[in-house]
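Trainee: okay, here's the prediction I keep looking at, along with the sequence it came from:
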Amino acid sequence: MTQPWPAPTATGPVHATVAVPGSKSITNRALVLAALSEGGGTLTGALRSRDTDLMVDALTALGLTVTVDGTTVKVEPHQGLSGPATVDCGLAGTVMRFVPPAAALADGEVAFDGDPRARQRPMGTVLGALRALGADVDGDALPFTLRGRGRVPGGAVTIDASASSQFVSGLLLAGAGYDRGLTVHHDGKPVPSLPHIDMTVAMLREAGVEVDDSEPNTWRVAPGPIGAREWAVEPDLSNATPFLAAAAVTGGTVTVTGWPERTTQPGDAIGEIAERMGATVTRDTRGLTVTGPDRLTGLDIDLHDVGELTPTVAAMAALAAGPSVLRGIAHLRGHETDRLAALAAEINGLGGVATETDDGLAIEPAALHGGAWRAYADHRMATAGAIVGLVVPGVEVDDIATTAKTLPDFPAMWRRIVGGTSATPGPEGTGGTS
Ligand SMILES: O=C(O)C1=C[C@@H](OP(=O)(O)O)[C@@H](O)[C@H](O)C1
Ligand SMILES: C=C(OP(=O)(O)O)C(=O)O
């Protein structure tokens, strides 16, 4: 356990320009697609973090040559994946849900495990689907072993993806490699994080794969080769949200540079959310800029499509002048931690009034005081504590190092923006010196 991190308190409005490193979701999809393309692939602007290192390590364990030079990552041309191999999923949903469907195409045994909490994250749907598609794998959760036979028959499968969009994305990413391709049909409560499935579909198409998503809740991937290509990774817009929140909660102005004009990243929704809470938001050639009001207003919002933003939005809501209701996010109970329980506990621990509902959180305005803020090994819980600490003196995050999951340089970048200088990625692209 690291030392508690005294969250820096802003002495006035935060003004900064921030460049965030590449998107976790795009980086790990591009790596999987390069691993399934005989020509490999090159990523520029890739994220370097625990989750993406775990993906690189997984592909290396499966016999590929992956070279990493700063934020350029190259998967060399290859003849396919092979075992025996051991894959450490850490706590990365993208590794535990994306690699097994790809590894089913490997020749040889592949053993998967991860952090203690990863063993509790929902996984049975993916393994059940792989069995139905003809892969040889036991179990319903980590750890498990997959016995790859170099090919998967594929075909149609019906799953309940209401616990995670990653179940669908993982299967789709590998489906073109299955003999008969793949049709995934969802049957159950609505699938969360649909923009992340749109991201998967868009990237598959960019790699030359035919995907039919014209029918709601059904995705068809035609069998065929995946093209080798260069992937220019967009900045991680979810990781940008704490920095924009810093402006929103202090009445300052923060610009995140390189904001894409069009994107499938759910982080794009932060503009509309900040506006609804009273901030002014502009998009121009410099990026996306948020200017905070004197005091944020609360909001009632369905975050089902953009659940990844919940910790940031909850932190903003805890500092707002009016009540908020965050809905549509029951599936967050299966994230890095039970995020609904964790957010309610930590906000209440500082004197706030947050209640878990069936599918989200209700947060009432309250005067917060300093105290401990637990991160629960969850990068976004840690950054939510940092946001609260900007305006509430004496907040101490127990494990700020957990931000290394997707943004290893978060503490340094945060210190710089609170100190009034710009934060840009360093030579390794992980948010170094400005
Ligand atoms: O596919 C992806 O890259 C992701 C999908 C979402 O997962 P869920 O659908 O489980 O929320 C999101 O929360 C996660 O951070 C990344
Ligand atoms: C839910 C998240 O991560 P994972 O990819 O591990 O599911 C997240 O980053 O908010």
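Mentor: Received, thanks. It should be emphasised that the depicted structure is a prediction, and the values quoted were computed from it without experimental measurement. Ligands and ions are numbered 1, 2, ... in the order given.
Trainee: spell out which parts of the protein neighbour ligand 2.
Mentor: Within the chain, the residues that sit near ligand 2 (C-beta under 6 Å from any ligand atom) are 92-94, 308, 335-336, 380, 406. Yep, even glycine has a C-beta here, placed from its N, CA and C like the rest.
Trainee: among those, which ones lie close to ligand 1?
Mentor: 93-94, 308.
Trainee: what about the closest residue to ligand 1 within the stretch 1-150 of the chain, distance to Val184?
Mentor: Closest residue of the stretch 1-150 of the chain to ligand 1, C-beta to the nearest ligand atom: Ser25 (3.2 Å). Separation of Ser25 from Val184 (C-beta to C-beta, to the nearest Å): 18 Å.
Trainee: what do you get for Leu237?
Mentor: Taken as C-beta to C-beta, the span from Leu237 to Val184 is 26 Å.
Trainee: over to Gly394?
Mentor: Where Val184 is concerned, Gly394 sits at a distance of 49 Å (C-beta to C-beta).
Trainee: pLDDT weak spots in the stretch 1-150 of the chain?
Mentor: 1 (pLDDT under 70).
Trainee: how about the residues of it by ligand 1?
Mentor: So the stretch 1-150 of the chain meets ligand 1 at 25, 93-94 (C-beta under 6 Å from any ligand atom).
Trainee: return the member of those residues nearest to Ile329.
Mentor: Gly93 (15.1 Å; C-beta to C-beta).
Trainee: for that closest one, which non-adjacent residue is closest in space?
Mentor: Gln166 (5.2 Å; C-beta to C-beta, 6 or more residues apart in numbering).
Trainee: the residue nearest to Val68 when sequence neighbours are not counted is in what secondary structure piece?
Mentor: Spatial nearest neighbour of Val68, chain neighbours left out: Val56 (6.5 Å); criterion: C-beta to C-beta, 6+ apart. Using DSSP states H and E, Val56 maps to helix 50-61.
Trainee: so after that helix, what's the next helix or strand?
Mentor: With secondary structure assigned by DSSP H and E, helix 50-61 is succeeded by strand 66-69.
Trainee: what's that next one in contact with?
Mentor: Strand 66-69 is contacted by residues 31, 48, 56, 59-60, 73-76 when judged by C-beta atoms under 8 Å, 6 or more residues apart in numbering.
Trainee: show me what whichever helix or strand comes after it is in contact with.
Mentor: Proceeding N to C from strand 66-69, the next assigned helix or strand is strand 72-75, under DSSP H and E. With contacts defined as C-beta under 8 Å, 6+ apart, strand 72-75 is touched by 27, 31, 34-35, 37, 40-44, 46, 56, 59, 64-68.
Trainee: strand partners (parallel or antiparallel) of strand 72-75?
Mentor: strand 41-44 (antiparallel), strand 66-69 (antiparallel) (DSSP bridges).
Trainee: all the helices of this protein, residue numbers only.
Mentor: 24-35, 50-61, 93-103, 124-132, 166-175, 194-206, 237-250, 270-276, 310-318, 339-349, 379-391, 410-418 (DSSP state H).
Trainee: and the longest one, what other elements does it pack with?
Mentor: In terms of contacts (3 or more C-beta pairs under 8 Å, 6 or more residues apart in numbering; DSSP states H and E), helix 237-250 is packed against strand 15-18, strand 253-257, helix 270-276, strand 287-291, helix 310-318, helix 379-391, helix 410-418.
Trainee: what do you get for the fifth one?
Mentor: Counting contacts by 3+ C-beta pairs under 8 Å, 6+ apart, helix 166-175 packs against helix 24-35, helix 93-103, helix 124-132, strand 155-159, strand 182-186, helix 194-206, strand 218-221.
Trainee: what's the spacing between stretch 34-54 and its chain's center?
Mentor: In terms of C-alpha atoms, centre = their mean, to the nearest Å, the centre of stretch 34-54 is found 15 Å from the chain centre.
Trainee: what comes up buried for that stretch?
Mentor: If you call a residue buried by 16 or more other C-beta atoms under 10 Å, then stretch 34-54 has these buried ones: 34-37, 40-54.
Trainee: quick check, pLDDT for the residue in the stretch 101-250 of the chain that ligand 2 sits nearest to.
Mentor: Here the stretch 101-250 of the chain gets closest to ligand 2 at one residue, Gln166, 6.2 Å apart by C-beta to the nearest ligand atom. Gln166 is assigned a pLDDT of 98 by the prediction.
Trainee: tell me how far it lies from Thr158.
Mentor: 17 Å.
Trainee: quick revisit: tell me the contacts of the residue of the stretch 1-150 of the chain closest to ligand 1?
Mentor: Ser25 is in contact with 94, 196, 199, 236, 265, counting by C-beta under 8 Å, 6+ apart.
Trainee: which parts of this structure belong to which domain?
Mentor: Under the assignment automatic domain parsing, the domains of the chain span 5-21+236-418, 24-219.
Trainee: TSV for the ones you listed, including distance to Glu230?
Mentor: TSV is the format used below for these (distance: least, C-beta to C-beta, whole Å):
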stretch	distance to Glu230
domain 5-21+236-418	17
domain 24-219	5
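Trainee: Ala228 is nearest to which of the ones you listed?
Mentor: domain 24-219 (2.6 Å).
Trainee: gap between the two ends of the closest one?
Mentor: 23 Å (C-alpha to C-alpha, to the nearest Å).
Trainee: any stretches of the stretch 301-434 of the chain with poor pLDDT?
Mentor: In the stretch 301-434 of the chain (pLDDT under 70), the answer is 421-434.
Trainee: next to ligand 1, which bits of it? Give me the list.
Mentor: Counting by C-beta under 6 Å from any ligand atom, the stretch 301-434 of the chain sits next to ligand 1 at 307-308, 331.
Trainee: dump these into TSV; add neighbour count as well.
Mentor: What follows is these, written out as TSV (neighbours: other C-beta atoms under 10 Å):
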residue	neighbour count
Gly307	24
Glu308	27
His331	23
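Trainee: mind telling me which residue of the chain is nearest ligand 2?
Mentor: Gly93 (2.4 Å).
Trainee: quick one: that residue from His196, how far?
Mentor: Gly93 sits 10 Å away from His196, taking C-beta to C-beta as the criterion.
Trainee: what residues are shared contacts of the two?
Mentor: Gln166.
Trainee: so these two - more neighbours on which side?
Mentor: Gly93 (27 against 24; other C-beta atoms under 10 Å).
Trainee: that one and Arg121 touch, don't they?
Mentor: Yes - taking C-beta atoms under 8 Å as the definition, Gly93 is a contact partner of Arg121 at 6.7 Å.
Trainee: so what sits against both of those two?
Mentor: Common neighbours of Gly93 and Arg121 (C-beta under 8 Å, 6+ apart) are His335.
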